[in-house]
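Q: Fold the following for me, if possible:
(one chain, ligands or ions: 1)
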Amino acid sequence: MPQRFWVETLGCPKNQVDSEKLVGQFVADGLTEAQCPEDADLVVVNTCAFIEPARQESIETILALSDARREGARLVVTGCLAQRYGDELAEALPEIDAVAGFGRVPVMLSPGRGGPSVPPRLGGMDLLDLPRPPARAPWAYVKVAEGCDRRCGFCAIPSFRGPQRSRSIDDIVAEVESLGVREVVLVAQDLASFGRDQGKGERAIVPLVRAVAERVDWVRLLYLYPSELSDELVAAVLDTGVPYFDLSLQHVSAPLLRRMRRWGDAERFVARIAEIRSAEPEAVFRSNFIVGYPGETEEDHDQLLEFLREVRLDWCGFFAYSEEPGTFAETLEPKVPTELVTERLAELSELQDEISRSKRDELVGSTVTALVDGPGRARSHREAPEIDGVIEVPDWVETGSFVEVRITAAVGPDLIGIPTGAAGGLQ
Ligand code: SF4
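A: As a prediction, this is how the structure comes out:
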């Protein structure tokens, strides 16, 4: 009987792509996917180390799967936590059979080849270019680069993911074609800088977006550093027919952004968003903000509230600042007291929830083009998969089809819709 594996994934979409590539490699090596972790001979936990709660969740998951696995099954930990704290993990959690940093799990872990049992540290190979299994949904993430060349004050990612390494457009296009999906979501740590590490150091995000757009119906971009949002990139995004802009703003106060070692200020962000909206009134905006970065004043916080009221972004994520060992921000003072961070988070979330809700209410009565993700679930250009709300549709609407949907109600972040026909040009 072939060996069975189970891959448990934590963290962001980039990790999800890595896991799919591991699955692709295991299957190519003759393993089969187990129905549940209890049935597997090999249990892999792909961890996240972004901030403290993510690290805790990763450790809890490792321990839970260690308890759940059957006798003799091997437990391997990979991903960011393994990359960043490999030695500490191996020492602190003897239940782990192997700790493997990025791209080091496949091949050497594949049992059933008469090879040795899993070594404590594993040799390397590049996950980025590994094949992946066909997509299980009509959409898929595609990771186009690994690492980051920036040095944002709060972020430890470059210290363990390394400098940016972009894939070739040909490899990415080949992966896109192999997936057989209708929507591709492009991801990287710093997506708009794609290609800067290749050739003459020029960014290649625009030709990439255009090349992918020729192969799938929808292309969506996540994590755009705001200074990289050139006119050409905006035009390329608008031409794809998915006017969705996920801007990684992090804050809007200029002095605080400089302390974060980042670009921009509220005025520039407001102006850019207004320009895009005037070119495309249907444009949708998402952003993330860090709350309680060292030195964040009441004035900085008020400026962020004011910005949110003024620009009315469609979707926002707010994250409490988490001190990461080895970062520039670790050295900064004064720290913002936890109670104050909690208070600011609540205030921001309350305001944004109201804005997001009212923007969803405004859609009632309109008709949108939507991709059906699965029974009863669809999304328009306004909703990124797994991140934003969804559109509830009747179960009988065919998964993978594009339909015109009339929105009849809004329930929090979600919409309820009735299909009125196939979407022109996309069916
Ligand atoms: S752009 Fe900044 S926040 Fe994003 S991965 Fe690079 S250093 Fe970290």
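Q: For the residue in the stretch 301-427 of the chain that the ligand sits nearest to, which residues are in contact?
A: When distances are taken as C-beta to the nearest ligand atom, the stretch 301-427 of the chain reaches nearest to the ligand at Thr327, 9.3 Å away. Where you see a C-beta, it was placed from the backbone N, CA and C, and this is true even at glycine. Contacts of Thr327 were listed using C-beta atoms under 8 Å, 6 or more residues apart in numbering, and they are 153-156, 159.
Q: so how far is Ser193 from it?
A: Look at Thr327 and Ser193: by C-beta to C-beta, to the nearest Å, they are 20 Å apart.
Q: Arg220 now?
A: Here the distance between Arg220 and Ser193 works out to 18 Å (C-beta to C-beta).
Q: The stretch 51-200 of the chain: helices as residue ranges?
A: Defined through DSSP state H, counting those that start in this stretch, the helices belonging to the stretch 51-200 of the chain, from first to last, are 52-68, 80-92, 157-161, 169-179.
Q: Quick check: chain neighbours aside, which residue is closest to Leu130?
A: Lys21 (4.2 Å; C-beta to C-beta, 6 or more residues apart in numbering).
Q: those strands in the stretch 101-250 of the chain, which residues are they?
A: Counting by DSSP state E, counting those that start in this stretch, residue ranges of the strands within the stretch 101-250 of the chain are 139-143, 145-146, 165-166, 183-187, 218-221, 244-250.
Q: other SSEs contacting the longest one?
A: With contacts defined as 3 or more C-beta pairs under 8 Å, 6 or more residues apart in numbering; DSSP states H and E, the secondary structure elements packing on strand 244-250 are strand 218-221, helix 266-279, strand 284-291.
Q: Could you rerun that using 7 Å?
A: Applying 3 or more C-beta pairs under 7 Å, 6 or more residues apart in numbering; DSSP states H and E, one finds that strand 244-250 makes contact with strand 284-291.
Q: Neighbours of the residue in the stretch 1-150 of the chain positioned nearest to the ligand, how many?
A: With C-beta to the nearest ligand atom as the measure, Cys148 is the residue of the stretch 1-150 of the chain nearest to the ligand, at 3.2 Å. The local packing count at Cys148 equals 20, with neighbours defined by other C-beta atoms under 10 Å.
Q: didn't it look like it was pressed against Ala156?
A: No - using C-beta atoms under 7 Å as the test, Cys148 is too far from Ala156 to be in contact (10.5 Å).
Q: got the angle between the longest helix seen in the chain and strand 284-291?
A: Of all segments of type helix in the chain, defined using DSSP state H, the longest is helix 338-361. Between the axes of helix 338-361 and strand 284-291, defined by axes from the mean of the first three to the mean of the last three C-alpha atoms, to 10 degrees, the angle is 170 degrees.
Q: Tell me which helix or strand comes right after helix 338-361.
A: Under the assignment DSSP states H and E, the closest C-terminal helix or strand after helix 338-361 is strand 367-374.
Q: Looking at the contacts of Thr327, spot the one nearest the ligand.
A: Relative to the ligand, the closest of those is Cys155; by C-beta to the nearest ligand atom it sits at 3.0 Å.
Q: May I have the phi/psi pair for that closest one?
A: Dihedral angles of Cys155 (phi, psi; degrees, to the nearest 10) stand at phi -110, psi 130.
Q: Quick check: closest non-adjacent residue to it.
A: Leaving out its chain neighbours, Cys155 is closest to Thr327 (C-beta to C-beta, 6+ apart), at 6.6 Å.
Q: Check Asp314 too.
A: For Asp314, the nearest residue in space outside its immediate sequence neighbours is Val284; the separation is 4.7 Å by C-beta to C-beta, 6+ apart.
Q: Ok, Ala320 next?
A: The spatial neighbour of Ala320 that comes closest, neighbours along the chain excluded (C-beta to C-beta, 6+ apart), is Val341 at 5.1 Å.
Q: Tell me which of the strands of the stretch 101-250 of the chain is the most buried.
A: Ranked by mean neighbour count under mean count of other C-beta atoms under 10 Å, these are led by strand 218-221, which reaches a mean of 25.
Q: Now do that strand: everything it contacts.
A: Under the criterion C-beta atoms under 7 Å, 6 or more residues apart in numbering, residues 182-186, 191, 209, 212-213, 237, 240-242, 244, 246, 371, 384 lie in contact with strand 218-221.
Q: Contacts for stretch 9-16 next, please.
A: Applying C-beta under 7 Å, 6+ apart, the external contacts of stretch 9-16 come out as 19, 46-48, 50, 54, 57-58, 61, 79-80, 141, 143, 185, 187, 222.
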